[in-house]
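J.: coords below, sequence missing:
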């Protein structure tokens with residue numbers, strides 16, 4: 001039996017990564033669907049939660065806010081985001097995302113191009129809020 005050409009991934013079937021803050025789920029990636037140009041996922045942040053500051057030396061990051069009120073800091077410049085807003089973070093720019101609203105926030109993200117090796121794709125620039133959690137397997 002052959003592997004199907006296309007594969008559906010359900011967010012509930014993907015393990016949450018909480019190490020850097022919030023509930024991050026990489027859905028479409030080299031690991032899950034054998035993508036070659038980037039990866040895509042979703043982020044859920046409760047009020048007051050944040051994703052710690054980091055940068056991507058090889059990738060642009062694209063965000064689309066489905067719900068919630070967020071503050072993104074890109075190279076220390078604040079950008080307020082709400083439902084329907086989209087933002088691109090340039091390659092290697094430090095960025096941090098925080099839910100500054102009273103309701104749960106939900107974001108769709110995509111990064112492209114892929115780093116030459118997964119461990120080179122993400123550089124933390126501040127302490128992780130949940131550093132004691134097991135390191136996730138990179139998608």
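T.: Nice, thanks for sending it over. All values reported here derive from a predicted model rather than from experimental measurement. Numbering: from 1, shown residues only.

J.: how many residues are close by residue 127?
T.: Other residues within reach of residue 127, judged by other Cβ atoms under 10 Å, total 8. (Glycine included, C-beta is placed from N, CA and C.)

J.: doesn't residue 54 make contact with it?
T.: No: look at residue 127 against residue 54 with Cβ atoms under 8 Å: they stay out of range, at 11.3 Å.

J.: ok, residue 116 touching residue 58?
T.: Yes: counting by Cβ under 8 Å, residue 116 touches residue 58, with 7.1 Å between them.

J.: those two - which one has more neighbours?
T.: residue 58 (16 against 10).

J.: so, low pLDDT: which residues of this structure?
T.: 1-3, 134-139 (pLDDT under 70).

J.: and the strands in it?
T.: Assigned by DSSP state E, the strands in the chain fall at 23-28, 39-45, 50-55, 60-67, 70-74, 77-81, 86-89, 95-99, 105-112, 123-124.
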